[in-house]
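**Q** Prediction below, plus the sequence it came from.
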Amino acid sequence: MTAPTLLEAHWRLAAPDETLVQQLAGALRVEPLVARLLINRGITGVNQATQYLSPRLEDLHDPYTLPDVAKAVDRLTKAIQSGELIFVHGDYDADGVTSAALCLRALTSLGANVVGFVPRRTDGYDFQPYGADKAKELGAGLILTADCGVCALEAVAHANSLGIDVIVTDHHRPGKTLPDAVAVVNPYRDDATVLFRDLCGAGVAFKVLDALTARLMPAHQSAFRRNFVDLVALGTVADASTLAGENRILVLHGLAMLATGKKTGVKALLARAGLEGRELTAENIGFQLGPRLNAAGRMEDADLAYRLLITRDPDEAEQLVARIESLNDLRRSETERVVQEAMAEALTQDDRRVLVLARPRWGKGLVGIVAGRIAETLRRPTLILSYDEKTDSYGGSGRTYGSFSLLDALHACADLLGRYGGHSASAGVNVSAANLEAFRERIHEVAEGLISDEPEPITLEIDAELADTRLLTQSLVESLQALAPFGRDNPDPVFLTCGGIVTEARRVGKDNNTAIFQIKLPGRPWPTKAVRFKSGDWTERVQPGERVDIVYSPKLNEWNGKVSVELTLLDLRPSLN
């Protein structure tokens with residue numbers, strides 16, 4: 001197997017009904033290009049588009065549409081009114097950390113007696129019996145899980161045996177049996193009839209706390225939403241959740257609160273990332289804030305990130321964010337090492353529909369990142385596993401590619417596995433060393449008929465062709481921001497322009513792996529800068545003077561007080577004209 005290149009991509013240009021484009025543009029008083037983009041995203045009605053372009057927190061669905069919210073609110077109310085200690089149990093990734101911080105801060109604001117806890121990655125996946133033991137040690141009468149617990153049957157049973165009630169809030173897919181908890185709030189329960197399922201862990205917890213605030217302090221419900229939606233945005237984007245539906249509302253408003261909010265740790269995190277005082281995007285969370293929060297749990301202890309999100313002490317925040325920054329630097333270098341080793345092993349498995357790559361020296365905190373990188377590059381679902389001598393087993397994470405459900409595949413291999421869980425797109429798994437080869441073969445067989453023997457070409461979905469790029473103005477790019485935040489299921493606008501002339505091609509960056517082009521586009525009097533990250537070799541595929549067709553997303557670049565339009569290059573090929 002050789003790594004496929006993006007130049008094999010198939011270009012598919014959207015062709016919305018032009019009459020509908022003009023009607024929607026006129027009704028909304030927006031540029032026809034904006035109307036075209038809305039239609040390409042399935043938004044065709046005026047009311048639907050109006051709500052999409054101006055989403056309000058008041059448009060969020062009733063929390064009680066989620067299963068067991070009423071039971072959760074009743075039990076939390078009882079605990080708060082009686083002064084009973086509530087033990088919040090989060091998880092070690094960014095979603096789990098933000099979920100736990102959200103629960104602790106919100107419950108504190110409601111007058112609760114509450115403590116929080118997030119496990120180390122080395123402690124194991126999900127809510128474990130030792131978590132219940134820790135709650136008992138502290139004298140808690142109620143455990144509230146955040147982003148975990150829906151598959152923790154043993155741990156919930158253990159808590160019950162200790163006389164501790166459990167409320168589960170989680171978004172991971174449940175097993176056949178739900179834990180014996182007071183409430184199991186999960187939008188993916190078989191009996192759930194929710195209007196929107198795809199909340200992250202922080203989103204599910206937010207719904208419960210929203211309902212609880214309405215019960216205990218109804219006059220403060222709007223303030224609750226404004227004050228805590230920033231943490232939900234962090235968790236949603238960092239967990240790569242869809243940015244459609246309710247998540248779009250939560251992230252849009254959450255980004256505004258992140259930029260202007262007063263949470264001490266969040267302000268320190270923004271400053272460290274160079275984002276203080278700037279208008280924030282989902283991309284800032286996905287590539288700058290989320291990785292820093294995740295680095296704590298990946299490389300050392302998620303408690304560092306959790307404490308950063310709950311601290312009110314500026315000095316503590318500075319100390320925590322400095323430690324997290326150093327861990328993030330270490331995470332980057334270690335990730336590159338593991339990616340190189342995993343890629344070398346992957347290229348020897350040219351007959352595998354699903355890649356199962358295993359070695360002793362791959363840190364458990366990095367396997368998810370590496371799995372995603374390998375899956376994206378080789379266009380194969382990928383599991384990266386690290387060996388544990390103490391248990392003589394391999395544990396790690398997987399990321400899918402395309403529509404293949406990784407969780408369904410693991411269900412089909414359940415008799416060979418230890419603990420596992422997650423989503424269709426990502427999952428955690430443990431397998432004994434004795435079962436590794438059998439698991440590798442079984443999951444390959446499960447994928448038969450679902451994944452072709454040769455990776456399918458990537459399809460680039462193109463919103464519109466811009467033949468005359470005089471339209472590529474600062475004003476146009478700003479108007480496209482009405483469709484933000486961009487991310488999963490709401491991609492950046494993508495355009496095609498044919499017949500550009502390359503005037504310069506060079507490699508830059510610390511690793512010399514960023515390609516910078518200057519391209520003279522039709523209709524523009526001067527060359528436009530186009531950037532392709534992690535693809536320095538693209539400069540060798542075209543020479544100055546060549547005519548090219550390009551697919552790109554336009555962005556605004558500010559430098560020395562001057563704003564210019566810059567292109568993020570998605571593909572290019574020799575011009576056919």
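**A** The structure has been received and is ready for your questions.

**Q** partners of Gly428 in the sheet?
**A** Going by DSSP bridges, Gly428 is paired in beta bridges with Ser397, Gly421.

**Q** Who are the contact partners of the spatially most central residue of the chain?
**A** Geometric centre of the chain, nearest residue: Ala240, 1.6 Å, by C-alpha atoms, centre = their mean. Ala240 is in contact with Gly286, Ala425, Ser426, Gly487, Arg488, counting by C-beta atoms under 8 Å, 6 or more residues apart in numbering. For every residue, glycine as well, the C-beta is placed using N, CA and C.

**Q** Then Ser99?
**A** Counting by C-beta under 8 Å, 6+ apart, Ser99 makes contact with Gly90, Asp91, Ala146, Asp147, Thr169, Cys200, Gly201, Ala202, Val204, Ala205, Leu231, Gly235.

**Q** The fifth one contacts Ala72, correct?
**A** Yes: at 7.3 Å, Thr169 and Ala72 qualify as touching, with contact defined as C-beta atoms under 8 Å.

**Q** The two: which has the busier surroundings?
**A** Thr169 (32 against 27; other C-beta atoms under 10 Å).

**Q** What does that one show for phi and psi?
**A** When read as degrees, to the nearest 10, the backbone of Thr169 gives phi -120, psi 120.

**Q** what's near enough to touch it?
**A** Residues in contact with Thr169, defined by C-beta under 8 Å, 6+ apart, are 72, 99, 144-147, 149, 185-186, 201, 204-205, 208.

**Q** Which residue or residues pair with it through a beta bridge?
**A** Note on Thr169: beta-bridge partners by DSSP bridges are Val185.

**Q** can you give me the helices for the stretch 351-500 of the chain?
**A** Taking DSSP state H, counting those that start in this stretch as the criterion, the stretch 351-500 of the chain carries its helices at 367-378, 406-411, 436-446, 474-480.

**Q** looking at those helices, which is buried most?
**A** helix 367-378 (a mean of 23; mean count of other C-beta atoms under 10 Å).

**Q** Output it as CSV, nothing but the C-alphas.
**A** Extracted in CSV, the C-alpha atoms of helix 367-378 (Å, rounded to 0.1, in the frame of the first residue of the first chain):
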residue,chain,number,x,y,z
VAL,A,367,-3.1,6.7,19.9
GLY,A,368,-6.4,8.6,19.1
ILE,A,369,-4.6,11.4,17.4
VAL,A,370,-2.4,9.0,15.4
ALA,A,371,-5.3,6.8,14.4
GLY,A,372,-7.0,9.9,13.0
ARG,A,373,-4.0,10.9,11.0
ILE,A,374,-3.4,7.4,9.6
ALA,A,375,-7.1,7.0,8.8
GLU,A,376,-7.2,10.3,6.9
THR,A,377,-4.0,9.7,5.0
LEU,A,378,-4.6,6.0,4.0
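
**Q** Determine the set of other helices and strands touching it.
**A** On a contact count with 3 or more C-beta pairs under 8 Å, 6 or more residues apart in numbering; DSSP states H and E, helix 367-378 meets helix 314-346, strand 355-359, strand 382-388, strand 393-399, strand 426-432.

**Q** pLDDT-wise, which helix or strand of the protein ranks last?
**A** strand 420-422 (a mean of 85; mean pLDDT, DSSP states H and E).

**Q** Report the distance from that one to the chain centre.
**A** Its chain's C-alpha centre and that of strand 420-422 lie 17 Å apart, by C-alpha atoms, centre = their mean, to the nearest Å.

**Q** again with stretch 358-378
**A** Offset of stretch 358-378 from its chain centre (C-alpha atoms, centre = their mean): 17 Å.

**Q** First-to-last residue distance for that stretch?
**A** Stretch 358-378 has its terminal residues 17 Å apart, counting by C-alpha to C-alpha, to the nearest Å.

**Q** same deal with stretch 417-435?
**A** 8 Å.

**Q** Buried residues, that stretch. List them.
**A** Within stretch 417-435, the residues scored as buried using 16 or more other C-beta atoms under 10 Å are 417, 419-423, 425-431, 435.

**Q** again with stretch 247-266
**A** Buried residues in stretch 247-266 (16+ other C-beta under 10 Å): 247-259, 261, 263-266.

**Q** Which ones among these map onto helices?
**A** Of the buried residues of stretch 247-266, the ones assigned to helices by DSSP state H are 247-259, 264-266.

**Q** quick revisit: determine which two of the buried residues of stretch 417-435 are furthest apart.
**A** The span of the buried residues of stretch 417-435, defined through C-beta to C-beta, is set by Ala425 and Asn435 at 23.9 Å.

**Q** what touches both of Thr169 and Ala72?
**A** Both Thr169 and Ala72 are contacted by Val185, Val208, under the criterion C-beta under 8 Å, 6+ apart.

**Q** Could I get the full set of strands for the stretch 1-150 of the chain?
**A** 10-13, 85-89, 113-117, 142-145 (DSSP state E, counting those that start in this stretch).

**Q** Of all these, which one is nearest Thr473?
**A** strand 10-13 (22.0 Å).

**Q** looking just at contacts, which helices and strands does the closest one meet?
**A** The helices and strands touching strand 10-13, judged by 3+ C-beta pairs under 8 Å, 6+ apart, are strand 459-462.

**Q** average pLDDT for the strand it packs on?
**A** Mean pLDDT, computed over strand 459-462, is 94.
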